[in-house]
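In: Whatever this is, show me its structure:
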Amino acid sequence: MAVVIRLTRRGAKKKPFYRIVAADSRMPRDGRFLEILGTYDPLNDEEGCKVDAEKAMAWIKKGAKPSKTVGTLFKKAGVGA
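Out: Numbers count the residues shown, from 1 in each chain. I've put the predicted structure just below:
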């Protein structure tokens, strides 16, 4: 089972809100996930991304690969630096 750290979309039409989750790579985007690692609100600039750094680093150490977008968000949040 390959684990991927990616975004799942929540929120309403024209008002996106995302969860950062660890999920099996075979599951659909908004399907089952293993654990919630944080949130991302693209409409809120100052507090847009909240990440639990300890959980994220634990999953990365276990071999989980962050997606491109999540990798960028982790750099902005200072996770893995």
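
In: dump the residue contacts of the most centrally placed residue in the chain.
Out: Nearest to the mean C-alpha position of the chain, by Cα atoms, centre = their mean, lies residue 20 at 2.2 Å. For residue 20, the contact set (Cβ atoms under 8 Å, 6 or more residues apart in numbering) comprises 5, 6, 7, 36, 37, 38, 39, 40, 51, 56, 70, 73. Heads up, the C-betas are built off the backbone N, CA and C, glycines and all.

In: Just the ones in strands from the residues you listed, please.
Out: 5, 6, 7, 36, 37, 38, 39, 40, 51 (DSSP state E).

In: Give me the pLDDT value at the residue nearest to the second one when sequence neighbours are not counted.
Out: Read it as residue 6. Using Cβ to Cβ, 6 or more residues apart in numbering and skipping the chain neighbours, the partner closest in space to residue 6 is residue 67 (4.5 Å). Residue 67 is assigned 94 on the pLDDT scale.

In: Report how many residues lie close to residue 67.
Out: 13 (other Cβ atoms under 10 Å).

In: quick one on the thing from earlier: same list (the ones in strands among the contacts of residue 20) but as CSV, adding distance to residue 27, neighbour count and pLDDT.
Out: Below are the ones in strands among the contacts of residue 20 laid out as CSV (distance: Cβ to Cβ, whole Å; neighbours: other Cβ atoms under 10 Å; pLDDT from 0 to 100):
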residue, distance to residue 27, neighbour count, pLDDT
5, 13, 26, 95
6, 10, 23, 95
7, 13, 21, 95
36, 14, 13, 95
37, 15, 27, 95
38, 18, 22, 94
39, 19, 18, 94
40, 19, 20, 94
51, 21, 22, 92
